[in-house]
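Q: Kindly return the folded structure for what I paste below:
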Amino acid sequence: MTVTSACADFTVRLKLADIPAEAVKWVKWGLLDTTGVTLAGSTTETSAVIGNYLDFVGGNPQARVIGLGTATSAPEAAMADGTLAHALDYDDVGGFGHPTAVLAPVIFALADLTKPSGKEAIEAYVAGYEVGNAMADRNTFGKIDTKSWHLGWHPTGPYGTIGATATAARLLKLTREQTMHAFGIAASEACGIQKNFGTMTKPLHAGLAARNGVFAALLAQRGFTADMDALGGEQGFLRAFKGPGDYTEELVCAKLGKVWSISRGLVIKWYPACWSTHRATSGVIELVKEHKLKPADIEAIEVDFRLIPLLHTKPQTGLQGKFSMAFNNALGVLKGWSEIPDYTANRTQEPEVRAVMQKLKHVDDPADGSVQVTIVTTDGRRLPKNVKHAPGDPSFGLQEERTRNKYRACAAFRLLPDAVLAVEKDLLDLENVASLVPLMDALAGSKQTARQTVPA
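A: Numbering: from 1, shown residues only. This next block holds a predicted model:
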């Protein structure tokens with residue numbers, strides 16, 4: 001048993017009956033949340049560039065793109081849907097980074113081509129989630145998982161590519177041997193670097209991962225070959241992305257189908273910004289409310305947290321603002337929350353926002369992995385707050401009403417009310433949906449149906 005054969009066996013043999021009910025529930029709500037976020041993402045500046053590109057390259061119109069009223073080849077549709085899903089950085093977090101922004105686009109891109117049932121879509125999602133997570137999961141590899149992060153990789157890109165390949169292989173009904181070749185092809189496609197956080201290329205990581213998975217599976221279906229254990233071994237995928245270390249490849253083989261990672265749940269974001277800002281921002285919001293503070297009452301905001309992905313201390317654009325601890329903390333102080341329209345270049349330059357941003361001080365990380373926030377007031381008080389989990393973390397359970405409301409608000413950027421509710425109904429009853437084609441009829445829309453535009 002090799003890493004690649006274990007992943008292929010799991011992908012090919014998986015059945016809905018094997019998947020715990022709790023896992024199925026998270027899949028459906030994750031798809032609902034990310035579908036809404038994708039629809040909102042289809043009205044962004046990032047989306048406009050993607051749409052222009054699709055118009056230029058054309059392609060066999062075999063797959064409709066969500067919200068853009070256009071059709072293109074399946075790989076390019078997956079790229080587009082994945083980029084739009086991640087354009088606002090409002091999609092879920094879990095497993096290998098941003099899983100649903102990678103896996104849902106594969107399902108949507110292959111929906112018109114393979115005409116899967118809802119049951120088959122759930123199976124394909126779980127195959128991709130579990131395989132991708134097995135590649136990245138820190139619970140499998142201990143300290144090794146942090147190596148790729150510290151080397152500058154964005155996990156959604158490399159690990160998402162492998163997960164997307166499992167999802168695509170499943171929908172295309174590849175054989176075990178074809179699936180192993182597909183994983184080998186994908187292993188040479190995987191990429192995504194943190195340096196691009198705060199630009200349009202960051203959401204492209206999800207789009208490329210989705211595209212790579214579809215592309216690899218389509219090539220393998222046609223007889224294209226790769227090393228039969230490209231995921232494992234001294235010169236394979238895991239070694240290349242994690243570096244040398246003491247991780248045990250057998251653990252990947254042992255966990256698939258026995259430990260269901262998706263059952264841990266997904267982080268359903270409350271704020272459209274990098275997840276690394278959420279705990280500190282929620283701590284600031286709670287302190288301001290608890291002590292009835294005004295911006296003039298605050299001398300400093302001290303945050304104990306690693307700032308690795310938060311590259312922008314003085315953001316100049318809305319996208320950079322999503323990766324700025326100072327900007328998100330300022331929104332927390334001034335508004336008590338943040339929402340899609342906050343992330344604009346103009347907002348990052350507002351004098352009152354800049355004034356609060358200047359109060360942020362980064363101090364040493366807490367030893368237990370939590371985030372410690374302390375507001376120092378102008379009258380000398382130190383007001384601490386330790387935050388282990390931000391709102392939206394699965395430790396609080398699945399917050400159905402809030403997630404439903406978030407989906408409806410996001411979907412309304414593109415869809416009319418009847419379509420918003422029809423899509424919601426199908427996704428929450430997905431195991432009983434006979435075909436995803438009618439769902440795509442509602443989601444694809446036309447270029448004239450955009451009701452709002454957001455500058456992200």
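Q: which residues of the stretch 1-150 of the chain fall in helices?
A: Assigned by DSSP state H, counting those that start in this stretch, the helices in the stretch 1-150 of the chain fall at 3-13, 21-41, 45-57, 74-86, 100-114, 118-136, 138-141, 145-150.
Q: what is the mean pLDDT for the fourth one?
A: Going back to what we said before, that points to helix 74-86. Average pLDDT, helix 74-86: 98.
Q: hang on, the earlier thing: let me have the helices of the stretch 1-150 of the chain in JSON lines, extended by mean neighbour count and distance to Asp429.
A: No exception for glycine: its C-beta is placed from N, CA and C like everyone else's. Shown next, in JSON lines, are the helices of the stretch 1-150 of the chain (neighbours: other CB atoms under 10 Å; distance: least, CB to CB, whole Å):
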{"stretch": "helix 3-13", "mean neighbour count": "23", "distance to Asp429": "25"}
{"stretch": "helix 21-41", "mean neighbour count": "25", "distance to Asp429": "8"}
{"stretch": "helix 45-57", "mean neighbour count": "17", "distance to Asp429": "28"}
{"stretch": "helix 74-86", "mean neighbour count": "31", "distance to Asp429": "22"}
{"stretch": "helix 100-114", "mean neighbour count": "30", "distance to Asp429": "16"}
{"stretch": "helix 118-136", "mean neighbour count": "27", "distance to Asp429": "8"}
{"stretch": "helix 138-141", "mean neighbour count": "16", "distance to Asp429": "32"}
{"stretch": "helix 145-150", "mean neighbour count": "16", "distance to Asp429": "35"}
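Q: Reformat those helices into a markdown table and put distance to Met180 next to each item.
A: Converted to a markdown table, the helices of the stretch 1-150 of the chain look like this (distance: least, CB to CB, whole Å):
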| stretch | distance to Met180 |
| --- | --- |
| helix 3-13 | 5 |
| helix 21-41 | 25 |
| helix 45-57 | 30 |
| helix 74-86 | 20 |
| helix 100-114 | 18 |
| helix 118-136 | 12 |
| helix 138-141 | 20 |
| helix 145-150 | 23 |
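Q: Which one of those helices lies nearest to Gln316?
A: helix 45-57 (14.7 Å; CB to CB).
Q: as a whole number, average confidence for that closest one?
A: 95.
Q: Nearest to Pro315 among the helices of the stretch 1-150 of the chain would be which one?
A: Pro315 lies closest, by CB to CB, to one member of these: helix 45-57, at 15.8 Å.
Q: Quick one: list the elements packing against the closest one.
A: When contacts are defined as 3 or more CB pairs under 8 Å, 6 or more residues apart in numbering; DSSP states H and E, helix 45-57 packs onto helix 74-86.
Q: tell me the angle of the helix it packs on relative to helix 21-41?
A: If you take axes from the mean of the first three to the mean of the last three CA atoms, to 10 degrees, helix 74-86 sits at 90 degrees to helix 21-41.
Q: just checking, what packs against helix 74-86?
A: Using 3+ CB pairs under 8 Å, 6+ apart: helix 74-86 touches helix 21-41, helix 45-57, strand 63-64, helix 100-114, helix 201-221.
Q: The residue lying closest to Ser338 once chain neighbours are set aside: what's it in contact with?
A: Of all residues not flanking Ser338 in the chain, Leu331 sits nearest, at 4.3 Å (CB to CB, 6 or more residues apart in numbering). With contact taken as CB atoms under 8 Å, 6 or more residues apart in numbering, Leu331 is in contact with Thr281, Trp337, Ser338, Asp342, Val353.
Q: which ones among the residues you listed are found in strands?
A: Using DSSP state E to define strands, no part of the contacts of Leu331 is located there.
Q: Show me which of the residues you listed are buried.
A: Buried members of the contacts of Leu331, counted by 16 or more other CB atoms under 10 Å: Thr281, Ser338, Asp342, Val353.
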